[in-house]
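K.L.:
I'll drop the sequence and a predicted model, then ask my questions.
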Amino acid sequence: MIRQAVRSDAIKAVPLILQAIGHIAFVLTGTTDEQETASILNDFFGQEDTRISYQNALVTEEEEEGELVGVAIFYDGAKARELDAPLERAAAKKSGDRHYCIPTEPEATEFYLDTLSVSPRCQGKGHGRKMIEAGCERARKLGHHRMALLVEVDHTAAIRLYARLGFCTDYTKRIAGQEYFHMVRRL
């Protein structure tokens, strides 16, 4: 079952977010300590109007157990700087770099899939596909005509999934020392 996330989902959602974004979590938080990073993301998940807010997240639960096993974060690319600002201020303070800047990932004209993650034990069961389709439906209702995402160039399984769902690579982008494909799907 897919549903809108709530604040209390943070305890299960944040480890999944960390699983998906890897070292980008350190960029978002201004620290390289894993526990501290998780704690910061946990706090921001429970807040409103941030990139990783529960407001921007859909979660999926296993039907039988009702356990949260997947999370997807979507937002309007035009609001990316606004949504990153609270994280950026906190990361600047944490890092001691008053010029700290989180790289903007989406283009302003797209609805952006920031994070997609499914528990390893539940992968291959269609959870990711269903969350993407739910995000595309949300984008259409908000008047968007394209969905986009970034995926590491060497993450072949994810690239295959996105291609099967109609995403096409249009360019590459470098963020935090990693190369990513920018993939787009027309809605």
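P.N.:
Here it is on my side, so go on. Numbers count the residues shown, from 1 in each chain.

K.L.:
how about residues contacting stretch 89-107?
P.N.:
27-31, 40, 44, 75, 77, 80-81, 84, 87-88, 112, 114, 148, 150, 173, 175-176 (Cβ atoms under 8 Å, 6 or more residues apart in numbering). Every C-beta, even on glycine, is put in place using the N, C-alpha and C of the backbone.

K.L.:
those residues in helices, which ones?
P.N.:
Using DSSP state H, the members of the contacts of stretch 89-107 that fall in helices are Val27, Leu28, Thr29, Ile40, Phe44, Ala80, Arg81, Asp84, Leu87, Glu88.

K.L.:
rewinding a little: please pick the buried ones from the contacts of stretch 89-107.
P.N.:
27-31, 40, 44, 75, 77, 80, 84, 87-88, 112, 114, 148, 150, 175 (16 or more other Cβ atoms under 10 Å).

K.L.:
and of the ones in helices among the contacts of stretch 89-107, the nearest to Gln4?
P.N.:
Phe44 (17.2 Å; Cβ to Cβ).

K.L.:
so that closest one sits against Ile52, correct?
P.N.:
Yes: in this structure, Phe44 is within contact of Ile52 by Cβ atoms under 8 Å, at 5.3 Å.

K.L.:
need the residues touching each of the two.
P.N.:
In contact with both Phe44 and Ile52: Leu87, using Cβ under 8 Å, 6+ apart.

K.L.:
which one of the ones in helices among the contacts of stretch 89-107 is nearest to Glu62?
P.N.:
When these are ranked by distance to Glu62 (Cβ to Cβ), Phe44 comes first, at 25.8 Å.

K.L.:
report the contact partners of that closest one.
P.N.:
Thr50, Arg51, Ile52, Ser53, Pro86, Leu87, Ala90.

K.L.:
so which of the residues you listed belong to helices?
P.N.:
The members of those that map onto helices under DSSP H are Pro86, Leu87, Ala90.

K.L.:
wait, a strand at Ile73?
P.N.:
Yes: under DSSP: H, G, I helix; E, B strand; the rest coil, Ile73 falls within a strand.

K.L.:
what residues are bridge-paired with the residue nearest the centre of the chain?
P.N.:
Per Cα atoms, centre = their mean, the C-alpha nearest to the average position across the chain is that of Thr115, at 2.1 Å. Beta bridges link Thr115 to Ile73 when assigned by DSSP bridges.

K.L.:
in a markdown table, list the contacts of Phe44 along with distance to Ile102.
P.N.:
Formatted as a markdown table, the contacts of Phe44 follow (distance: Cβ to Cβ, whole Å):
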| residue | distance to Ile102 |
| --- | --- |
| Thr50 | 11 |
| Arg51 | 8 |
| Ile52 | 11 |
| Ser53 | 15 |
| Pro86 | 10 |
| Leu87 | 6 |
| Ala90 | 10 |
